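Peer 1: coordinates for the following, if possible.
(3 chains)
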Amino acid sequence: MSIKTNPGNYFEDFRLGQEIVHAVPRTITEGDVALYIGLTGSRFALHSSDAFAQTIGYEQAPIDDLLLFHMVFGRTVADISLNAIANLGYAQCVFGAAVYPGDTILARSQVIGLKENSSRETGVVYVRSVGRNQMGDVVLDYVRWVMVRKRDKEAPAPETHVPDLIGHVPATELIIPDTLDMAEYDFALAGAPHCWEDYSKGERIDHVDGMTLEESDHMTATRLYQNNAKVHFNQHAESRGRFGKRLIYGGHIISLARALSCNGLANAFRILAFNGGRHVNPSFAGDTIYAWSEVLDVIELPGRADLGALRLRTVAAKDHSCADFPGPDAEGKYPATVVLDVDYTVLLPRRG
Amino acid sequence: MSIKTNPGNYFEDFRLGQEIVHAVPRTITEGDVALYIGLTGSRFALHSSDAFAQTIGYEQAPIDDLLLFHMVFGRTVADISLNAIANLGYAQCVFGAAVYPGDTILARSQVIGLKENSSRETGVVYVRSVGRNQMGDVVLDYVRWVMVRKRDKEAPAPETHVPDLIGHVPATELIIPDTLDMAEYDFALAGAPHCWEDYSKGERIDHVDGMTLEESDHMTATRLYQNNAKVHFNQHAESRGRFGKRLIYGGHIISLARALSCNGLANAFRILAFNGGRHVNPSFAGDTIYAWSEVLDVIELPGRADLGALRLRTVAAKDHSCADFPGPDAEGKYPATVVLDVDYTVLLPRRG
Amino acid sequence: MSIKTNPGNYFEDFRLGQEIVHAVPRTITEGDVALYIGLTGSRFALHSSDAFAQTIGYEQAPIDDLLLFHMVFGRTVADISLNAIANLGYAQCVFGAAVYPGDTILARSQVIGLKENSSRETGVVYVRSVGRNQMGDVVLDYVRWVMVRKRDKEAPAPETHVPDLIGHVPATELIIPDTLDMAEYDFALAGAPHCWEDYSKGERIDHVDGMTLEESDHMTATRLYQNNAKVHFNQHAESRGRFGKRLIYGGHIISLARALSCNGLANAFRILAFNGGRHVNPSFAGDTIYAWSEVLDVIELPGRADLGALRLRTVAAKDHSCADFPGPDAEGKYPATVVLDVDYTVLLPRRG
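Peer 2: Residues are numbered from 1 along each chain as shown, chains lettered A, B, ... in the order given. Okay, the predicted model is just below:
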């Protein structure tokens, strides 16, 4: 009689080069899409309307890029981060083929780096995770690294290998479907007149609105993604834990920041890449999330006169309006109100 | 570099006759329908079962009339009521073609009246909003008026124009699809034996049941409709606001009242029109909503021996059972427990 | 003018042999499925992926067995248990044809037993409820018995009839679709390597994880099932009731226990039968639910070398980790922390 429950992997269970097939393939449906809108309030026209999507070359409304991200991420948790202490970072996250309701997503990861910490009680695991649809097309490809507990402090340390990670995804690696056609892009229906040319490097946008977090909302979102990390769901255990309460899945904060950013970036219809991102403070039920963005770079896309990219930084804060653009101080230290700082690349129509 | 966020329109931004195309077309899906049932507990058979709907001449189960209303209304908020102080009323609201999952809704409004208030700080804007499906069929057509702030008190007042609004939608203006056929209408499956003939003018029905409001529920409903009015979502800001807490979208109260009314009006399968309605007090999370209805009129429909209409008044109260039919006093003043008083017209099968 | 609201049936309204057609047929959709995952966090691969389901012989992902159970149960409440004091038990619950999104469910019940209690104020009603899809195929068939109030204590008692109920559904009565084919069953995608042969009679599994209940979650689930039992929704009334708060639908606890049980029983992909079950204590918002299971029996299935069944007992506890397998004491008395004790039969792949 063997232990039937999943203890999760500990640091010493990972091997460099190891390939992991994640369980629970997921057919994403219109139900998931509705719930995603209900839980985030996202107002991007592309994900709201089949008709709008078809006018710019999609078969129908593709699912929100972050809904896809969370679905892929959710698959990986049981294998990668069940014993994680902290999600340290993301890099090289590229969005591939559009995902439509009805598509089935499968995720695999490869261990691309290992580094035991000096305490010998934990180590850092670097994984490259790839989500594919039922045709085998890559829909998401990203690296994350997490600090994972060791089961046994005395277990021998693996050879340290820290992968070379690029600082941001270059324009040549961004995936722009050939089928996209901006000729009929309707700015009025998208909700704002601003196209790629209207944004300038260094420009900062306060997204104005705030969204208060509820236990039910973040748990429902995280359950929808079948992300089973324990800290989000169990008040009985967490009441004796580090914070005394349930920790909100960081991805839900990214989703809220993206949804809020529609007010100011309504035409940034597609996330092409996440270049990096950090959850700099935890969020809890009752917190109100605000966000602001800065244009880090204005990027021409090879061969596309109708589309351009922006590299953005979006910062989310809790219980603090973003009118004053809160962020790290000169030493890089974040105030307690800032919860998220992500660097990502989005696609917009050009005036042409 | 221009301001990228939507400041909303102020009173002086509206022009009589102005046409507004609202952003974010929306494909309504089975996911929206499921969430609507989950958030309201609605039990009308027509919206629950494709088979039931087909027996009376629909292609499949049409979406709930109020889900449609909220979806159209949600489109209009960013343009009409982002700077509104109060939603003053509704009139001439007629439901048109049935909407099915998969249909994409687009909303437009025309400014049909303007009246600056004597304070010069606000004005009343009257708009006629029309929702259409992807074929261009009108699915909803209604007038609402809202009190909107002025950006600048000194801005010149427009010429006052208050539209003539009808007191209630006459029978000849109600839209009854030719395809409806009551021959196979199954009262047992609808949940009650009462047909049109069984209701009498002046009859009052206590809908008995109560539903307690939760922050997560009303916010999820309102986000689902992509209604981005700020007062519903931001506890951080509202804690310093008029009520110290988030205000519940009045439409959610209408939905709850309609869902509760199924107990007593189970065969009132279609809302044909809203003749008028007022949110007479605000509702908040923690309140329990009850409802009662009065039959204002029993209406024969031209050329239809199998269908009749009832003009109803439904009143919703909070933390107060409706067994005593709470409503306005002799001077028309409502007790603090009453939150809603709507006048609308519904369709029922006749005994034939 | 007749009373239009449903007063529910009282004990003296039921007649032995009576047939009841329950109202509100329901088309179950992908929206319901998404919400079910969002509210329970269920991670069974079969219900998550069309592709996974197709590899083992289903047309597409069938809906979760418990989602079906709640949908059928929800139909019956208005007729059977609106005036119930307690849901006393379940028996002989057999799951039939798989249900897919798009199927429409109809429920009927027959009164198969009646027994007035000695107080003369209540009686026990036994009903056999059958759910069918739009083709008339049986999808669920179960007996439950409830204690129902009498309207009038003096109403004459019916002749006592207590049906013979089997202790558990025998293997020969379990419904295993001929179309099932385990040749391509993918244990890695299901999330665990354990097949039928790996479980032993008497084996106990602590499902480890805990899920905290929120008012919004249990009400949304129960509304989704259109279960309109009053005690779940009305804080205003319940604040003066037995517990001072809303009681959680017992079926939601069964769903959470089943979802938690995926950690340890990931390959128990189908519930074949409920043999019995009791809600031994009430659950409320704020409680954290844990679960453990015991293998009561290991059952060979006639003519199937690729499939086997396990008879399981799953116990759920609140605010008490199940590492110590809490249950009844020697006299059969349950501690206050235990909320559920169910006996059911599940289907698993054999190593073959």
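Peer 1: what's the local residue count around whatever residue of the stretch 1-150 of chain A ends up closest to chain C?
Peer 2: Nearest residue of the stretch 1-150 of chain A to chain C: A:Gly31, at 2.7 Å (C-beta to the nearest C-beta). Using the backbone N, CA and C atoms, a C-beta is placed for each residue, glycine as well. Around A:Gly31 sit 28 other residues, with neighbours defined as other C-beta atoms under 10 Å in any protein chain shown.
Peer 1: which residues touch it?
Peer 2: By C-beta atoms under 8 Å, 6 or more residues apart in numbering or on different chains, A:Gly31 lies in contact with B:Thr29, B:Glu30, B:Gly31, B:Ala34, C:Thr29, C:Glu30, C:Gly31, C:Asp32, C:Val33, C:Ala34, C:Leu35.
Peer 1: tell me the confidence at the nearest residue to it once chain neighbours are set aside?
Peer 2: Spatial nearest neighbour of A:Gly31, excluding adjacent residues (C-beta to C-beta, 6 or more residues apart in numbering or on different chains): C:Ala34 at 2.7 Å. Looking at C:Ala34, its pLDDT stands at 98.
Peer 1: how about C:Ala34, secondary structure?
Peer 2: helix (DSSP: H, G, I helix; E, B strand; the rest coil).
Peer 1: verify the stated contact: it with A:Leu224.
Peer 2: Yes. Assessed by C-beta atoms under 8 Å, C:Ala34 is found in contact with A:Leu224 at 6.8 Å.
Peer 1: joint contacts of the two?
Peer 2: Taking C-beta under 8 Å, 6+ apart as the contact rule, C:Ala34 and A:Leu224 both touch A:Asp32, A:Leu35.
Peer 1: what's the first helix or strand after the one helix or strand A:Ala317 maps to?
Peer 2: Using DSSP states H and E, the element containing A:Ala317 is strand A:307-318. The first helix or strand that comes after strand A:307-318 along the chain, using DSSP H and E, is strand A:338-349.
Peer 1: any residue of that following strand touching chain B?
Peer 2: No. On the criterion C-beta under 8 Å from any C-beta of the partner chain, strand A:338-349 is out of touch with chain B, staying 11.6 Å away.
Peer 1: angle of that strand against strand A:307-318?
Peer 2: Orientation of strand A:338-349 against strand A:307-318 (axes from the mean of the first three to the mean of the last three C-alpha atoms, to 10 degrees) gives an angle of 160 degrees.
Peer 1: which strands or helices does strand A:338-349 pack on?
Peer 2: helix A:250-265, strand A:270-279, strand A:288-300, strand A:307-318 (3 or more C-beta pairs under 8 Å, 6 or more residues apart in numbering or on different chains; DSSP states H and E).
Peer 1: now do 6 Å
Peer 2: If you count contacts as 3 or more C-beta pairs under 6 Å, 6 or more residues apart in numbering or on different chains; DSSP states H and E, strand A:338-349 packs onto helix A:250-265, strand A:270-279, strand A:307-318.
Peer 1: report the strands that pair with that strand, each with its relative direction.
Peer 2: As defined by DSSP bridges, the strand partners of strand A:338-349 come to strand A:270-279 (antiparallel), strand A:307-318 (antiparallel).
Peer 1: the residue nearest to A:Gly31 touches A:Leu35, doesn't it?
Peer 2: Yes. Shown here, C:Ala34 and A:Leu35 form a contact pair, counting by C-beta atoms under 6 Å, at 5.3 Å.
Peer 1: of these two, who's got more company?
Peer 2: Neighbours were counted for C:Ala34 and for A:Leu35 using other C-beta under 10 Å; A:Leu35 has more, 29 against 25.
Peer 1: please name the residues that touch the more buried one.
Peer 2: The contact partners of A:Leu35, taken as C-beta atoms under 6 Å, 6 or more residues apart in numbering or on different chains, are A:Leu224, C:Ala34, C:Gly38.
Peer 1: return the member of the residues you listed nearest to chain B.
Peer 2: Chain B has its nearest neighbour among these in C:Ala34, at 6.0 Å by C-beta to the nearest C-beta.
Peer 1: list the contacts for the closest one?
Peer 2: By C-beta under 6 Å, 6+ apart, the neighbours of C:Ala34 are A:Thr29, A:Gly31, A:Asp32, A:Leu35.
Peer 1: for it, give its distance to A:Thr29.
Peer 2: Look at C:Ala34 and A:Thr29: by C-beta to C-beta, to the nearest Å, they are 6 Å apart.
Peer 1: and the helix or strand of chain A with the lowest mean pLDDT, what's buried?
Peer 2: For chain A, counting by mean pLDDT, DSSP states H and E, strand A:84-95 ranks last in confidence among helices and strands (a mean of 92). For strand A:84-95, burial by neighbour count (16 or more other C-beta atoms under 10 Å in any protein chain shown) applies to A:Ala84, A:Asn87, A:Gly89, A:Tyr90, A:Ala91, A:Gln92, A:Cys93, A:Val94, A:Phe95.
Peer 1: now those residues as a markdown table including distance to A:Ser261?
Peer 2: Conversion of these to a markdown table gives the following (distance: C-beta to C-beta, whole Å):
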| residue | distance to A:Ser261 |
| --- | --- |
| A:Ala84 | 28 |
| A:Asn87 | 21 |
| A:Gly89 | 21 |
| A:Tyr90 | 18 |
| A:Ala91 | 21 |
| A:Gln92 | 22 |
| A:Cys93 | 17 |
| A:Val94 | 20 |
| A:Phe95 | 16 |
